[in-house]
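>>> From the sequence below, what's the structure:
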Amino acid sequence: MPQPADPTRRPARTNATSDAPESAAGSRAAAQRLKMRRELAAAAMELFATKGYEATTVDEIAARAGVARRTFFRHFRSKEEAIFPDHDDTLVRAEAVLNAAPAHEHPLDTVCRGIKEVMRMYAASPAVSVERYRLTREVPTLREREIASVARYERLFTRYLLGHFDERDHHDGNDDPLLAEVAASAVVTAHNHVLRRWLRAGGQGDVETQLDHAFAIVRDTFGTGIGAGRSQAGRTPAASTGPAGSSGSAGTATGTEPGPAATVKTQGEVLVAVARTDAPLSEVMRTIEQALKDA
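Reported below is the predicted structural model:
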């Protein structure tokens, strides 16, 4: 007599064969959603440019895009929201950059890489971005919407930087929480300065190089300060053997504050760099780069 199949095994087989199709279906749905949002945004911008923002209705935007009014409201809550179709997805990509950051990277460098996703969004469609910039300058409601979108990025980066430093550990000599918050604002401000300059130039120019230059200024201003006042309590001293064979670790075993991330000396045409083992690689490299410029 044949034995009945074990019912406890069926879900495992079903899940194993359905994971990939479900994942692919989800990706297709997300792509279709973004495509529709962009089509609605294009229709809205065309009508805003020809009829004016105030005179354009949601029904007209939906009709121009070839969809029903209810379809419009499945994607946007209002007509002013319709000209910013990519911010939600860009925010997700920026957060993904932060979450996947390598352990050795200075958090400020990570934030600079994260906000580049925003610039890439604008640079992907220069003509659209320039027209959107013109509209936001002319329509106060759209300008307010843009400011709200920018604030979301700033909150994301501030949370990320503060997550690396204990906000409650704000005592004399430790300005990390203050620096983290100010640095996040500085990164966003530097990005927006370069973006506005690029948009005013009609979307022309090497915006990536301009952005890197702006970020270098932010890193030089804030990068070496963040982390400089952190307490060394709780760290495991690194053992080293001195001339007398005793164990010790400068700046840790004695409880004193650590020295600079790196020091560089010139010996003829050679630079000799000495760095702390716990020093962020980005700070070490900046010290070496500055020494080479001064040599």
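>>> pLDDT below threshold where in this protein?
Along the chain, the parts satisfying pLDDT under 70 run over 1-23, 165-174, 223-262, 264-273, 275-285, 292-293, 295.
>>> what about 50?
Applying pLDDT under 50 to the chain flags the ranges 2, 5-18, 228-258.
>>> can you pull out the strands in it?
For the chain, the strands defined by DSSP state E cover 240-241, 247-248, 262-267, 270-275.
>>> hmm, who's touching stretch 130-150?
45, 48-49, 53, 80-81, 83-84, 87, 188, 192, 196, 199-200, 202-203 (C-beta atoms under 8 Å, 6 or more residues apart in numbering). Glycine gets a C-beta too; all of them are placed from N, C-alpha and C.
>>> now do 7 Å
45, 48-49, 53, 80-81, 83-84, 87, 188, 192, 199, 202-203 (C-beta atoms under 7 Å, 6 or more residues apart in numbering).
>>> ok, these vs Leu34, which is closest?
His87 (11.5 Å; C-beta to C-beta).
>>> Neighbours of the closest one, how many?
Applying other C-beta atoms under 10 Å, we find 18 residues neighbouring His87.
>>> residues in contact with it?
Per C-beta under 7 Å, 6+ apart, neighbours of His87: Ser149.
>>> gap between it and Met119?
Applying C-beta to C-beta, to the nearest Å, the value for His87 to Met119 is 13 Å.
>>> and what of Ala190?
11 Å.
>>> Same drill for these two, tell me which one is more crowded.
Comparing Ala190 with Met119 by other C-beta under 10 Å, the one with more neighbours is Ala190, at 22 against 19.
>>> Is it correct that the more buried one is in contact with Phe215?
Yes - with contacts counted by C-beta atoms under 7 Å, Ala190 reaches Phe215, the gap being 6.2 Å.
>>> Find the residues that touch each one of the two.
By C-beta under 7 Å, 6+ apart, no residue touches both Ala190 and Phe215.
>>> list the buried ones in stretch 75-84?
For stretch 75-84, burial by neighbour count (16 or more other C-beta atoms under 10 Å) applies to 75-76, 79-84.
>>> In the residues you listed, find the pair that's most separated.
His75 and Glu80 (13.5 Å).
>>> Now for His164: which residues touch it?
Taking C-beta under 7 Å, 6+ apart, one finds Pro107 in contact with His164.
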